[in-house]
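S.K.: Need a 3D model of the following:
(3 chains)
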Amino acid sequence: MKAAILPLLLLAQTVSDPASRVGSGRIQGGWEYVWACYAIAWGAIILYTFSLWLRRPDRE
Amino acid sequence: MRKWLRPAVGVLGFAMLVVGAWFGLVKAPPDREMGDVYRIIYVHVPCFWMAFLAVTLNFACSALYLIKGSWKLDALAESSAEVGVLFGATGLTLGSIWARPTWGVWWTWDPRLTTAAIMLVSYAGYLALRRFVEDPERRAVWSAVVAIIAFADVPIIWYSVQWWKSQHQIQSSPKTVDPQMVFALRWNALAMLALLIFFIWSRYRIALRDRQQEVALPDALPPARTTPVQASGALK
Amino acid sequence: MRSTAVAQVGRKRPIVPRLFTETVLILGKDLILEWRTRTRLNALIFFSFATLLMFSFALGPDTKLLKENAGGYFWLAILFSSVLALGESFRIERENASLDGLRLVPIDAKAIFLGKALGNALLLVLLGILLLPVMVALYGVTVAMGIGRLFAVLALGSMAISWPGTVYSAIASNARARDVLLPLLLFPLVLPALLAAVKATGLVLHGDPMLQLGSWLGLLIAFNLIYWALGLALFPQVIED
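M.R.: Here you go, the predicted structure:
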């Protein structure tokens, strides 16, 4: 069912032609979710690094 | 000599993550069905892989602690649990946000999400236990016991949620066939792995320092700085 | 305390293994204590009744809904009561330092685990039996597949809560915020057992046309075996000093 040739051709075309690399899926857009996720992931990592730095054993 | 290694791993992880974000957001093509929303996969999946690694490490250290009883093992167990909860909570949040545009809901009783949520509560309980026990030796033994029991439960939870959920539809995950997608995913996973190592290692040092302050035996743990270690001062 | 039962047999090697004897002793001690201070037991019974009642009010008068989910409410009432029961079972030991006394006798730590866990399980089964008529009355259910199967589910579910619950109770009773720590640790752990027990109870109450009862019972049995074994192995470490 998923092995249809047509989507693969579309994909190949998308990869080879950068200009056409625009939301070719059935769900259009949704970039705000992507940004939210990357922001949360980065935020968590940065905050935790900061928390580790605050608790570091080398401070006197 | 090795003092630079830990920060280097951290820097490497951050750098790789930046590059990985570019791979995931720009270089990789959009998905056949999900368009661009699927790009969350590049942060969501590695988070869970790292959480799983951390929790497995926690189990190994806990089991070994009951056999060997070294403070290092206890410290490592504590650090891996904390980092595991961090990655797990983040991964779960990301998964929930991803579910919104793709499945239309903030939450669904998908076996993986449900199991992850239960495990998160389990290990949060582990961390709470550690905070609520004053005596370091008992804390180490009891948290090791709890960790073993919690880890043993994971396959049972997974299995039973699958069973429970099989009465309803099962949502599928995106089929990442495209090699560029696979590469971006692997790169991001490696980046997160570097960060995992950096986090656990740093947290481990903090835990050892705490143990030292609590325990303060005559043959105490060597201090974080490089002062000479006494002959009998080696770690048990 | 330890040698009387064994000595009465009059041989060098007892017919009944010592672990069994000690377990029975611990169980007996706890049951006698329970019976002497029945107020705790009464409070527990009324607490579980009240919980069942609460569900009726919280979830509205739609009798069809209540009837369908009766198994769920039943097991939640037992779970909440178990937290109280488990918490109590080690509080008495801790308050009188009797756990130290037990370990000094010397009684095998495994026997303490088995005795206490079985005692807790027995208490939960008793609660379940008392809750049954209340459930039938409040939610209008009938036991389609027979009391025997229902009792089996009740026994398996109660033990499933009791094995890890006893280990966690021993830990939590010595920690700060012990009343919060026990449910926090226990609930995520017994979730699969709770799920299986609720599903199985639902099937027993409403009938099982697709023969799913076996698989849920299987899950319950597996859970019991795993946590009985883990409890046996780990409990001695927990109370060791």
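S.K.: quick one, what contacts the closest residue to chain C within chain B?
M.R.: Taking CB to the nearest CB as the measure, chain B has B:Ser160 as its residue closest to chain C, at 3.8 Å. In this view, the C-beta of every residue, glycine as well, is placed from N, C-alpha and C. With contacts taken as CB atoms under 8 Å, 6 or more residues apart in numbering or on different chains, B:Ser160 has the following neighbours: C:191-192, C:195-196, C:219.
S.K.: and which of those is nearest to chain A?
M.R.: Top of the list for closeness to chain A, among these and by CB to the nearest CB, is C:Leu191 at 25.9 Å.
S.K.: Find the helix or strand that the closest one is a member of.
M.R.: Using DSSP states H and E, C:Leu191 sits within helix C:178-206.
S.K.: So A:Gln28 lies in a strand, does it not?
M.R.: No - when the secondary structure is assigned by DSSP: H, G, I helix; E, B strand; the rest coil, A:Gln28 falls in coil instead of a strand.
S.K.: Quick check: closest non-adjacent residue to it.
M.R.: Excluding the flanking residues, the one nearest A:Gln28 by CB to CB, 6 or more residues apart in numbering or on different chains is B:Gly35, at 5.7 Å.
S.K.: For the most centrally placed residue in chain C, which non-adjacent residue is spatially closest?
M.R.: When chain C is reduced to its mean C-alpha position, the closest residue under CA atoms, centre = their mean turns out to be C:Ala121, at 3.0 Å. Counting by CB to CB, 6+ apart, C:Ser162 is the residue found nearest to C:Ala121 once chain neighbours are left out, at 3.9 Å.
S.K.: burial measure for C:Ala117, as a count.
M.R.: Residue crowding around C:Ala117 was assessed by other CB atoms under 10 Å in any protein chain shown; the count is 29.
S.K.: okay, B:Val177: pLDDT?
M.R.: We have a pLDDT of 66 for B:Val177.
S.K.: which residue does chain C bring closest to chain B?
M.R.: Counting by CB to the nearest CB, chain C gets nearest chain B through C:Pro192, at 3.8 Å.
S.K.: mind checking which helix or strand the closest residue to that residue other than its chain neighbours is in?
M.R.: If you skip the residues right next to it in sequence, C:Pro192 has B:Ser160 as its closest partner in space, 3.8 Å away by CB to CB, 6+ apart. With elements taken from DSSP H and E, the one containing B:Ser160 is helix B:136-165.
S.K.: Up against chain C, what does chain B have?
M.R.: Proximity of chain B to chain C, by CB under 8 Å from any CB of the partner chain, involves residues B:66, B:118-119, B:121-122, B:124-126, B:128-129, B:132-134, B:138, B:141-142, B:144-146, B:148-150, B:152-153, B:156-157, B:159-161, B:163-164.
S.K.: How about the contacts made by B:Ala184?
M.R.: B:20, B:23-24, B:27-28, B:42.
S.K.: how about those residues in TSV, adding neighbour count?
M.R.: TSV is the format used below for these (neighbours: other CB atoms under 10 Å in any protein chain shown):
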residue	neighbour count
B:Gly20	24
B:Phe23	22
B:Gly24	23
B:Lys27	17
B:Ala28	25
B:Tyr42	28
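S.K.: okay if I get these as CSV plus pLDDT?
M.R.: Formatted as CSV, the contacts of B:Ala184 follow (pLDDT from 0 to 100):
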residue, pLDDT
B:Gly20, 90
B:Phe23, 87
B:Gly24, 86
B:Lys27, 83
B:Ala28, 81
B:Tyr42, 90
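S.K.: Select from those residues every entry located in helices.
M.R.: Of the contacts of B:Ala184, the ones assigned to helices by DSSP state H are B:20, B:42.
S.K.: Next, format the contacts of B:Ala184 as TSV and append distance to chain A.
M.R.: Output for those, formatted as TSV (distance: CB to the nearest CB, whole Å):
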residue	distance to chain A
B:Gly20	10
B:Phe23	12
B:Gly24	8
B:Lys27	9
B:Ala28	9
B:Tyr42	9
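S.K.: quick one: low-confidence parts of the chain?
M.R.: All of this is about chain A. Along chain A, the parts satisfying pLDDT under 70 run over A:1-27, A:29, A:59-60.
S.K.: you looked at the wrong chain, it should be chain B
M.R.: B:1, B:166-177, B:217-236.
S.K.: and if you look at chain C?
M.R.: C:1-15, C:241.
S.K.: which parts of it sit against chain B?
M.R.: Listed as neighbours of chain B in chain C under the rule CB under 8 Å from any CB: C:164, C:167-168, C:171, C:174-178, C:181, C:184-185, C:187-189, C:191-192, C:195-196, C:199, C:215, C:219, C:222-223, C:226-227, C:230, C:234, C:237-238, C:240.
S.K.: quick one, phi/psi of B:Met181?
M.R.: phi -70, psi -40 (degrees, to the nearest 10).
S.K.: what number of residues lie near it?
M.R.: Every residue meeting other CB under 10 Å relative to B:Met181 is counted, giving 24.
S.K.: now swap in C:Leu234 and tell me
M.R.: As a burial measure, C:Leu234 scores 22 neighbours (other CB under 10 Å).
S.K.: who's in contact with it?
M.R.: By CB under 8 Å, 6+ apart, C:Leu234 lies in contact with B:66, B:145, B:148-149, C:167.
S.K.: Unless I misread the structure, it falls within a helix.
M.R.: Yes - the secondary structure assignment for C:Leu234 places it in a helix, going by three-state DSSP.
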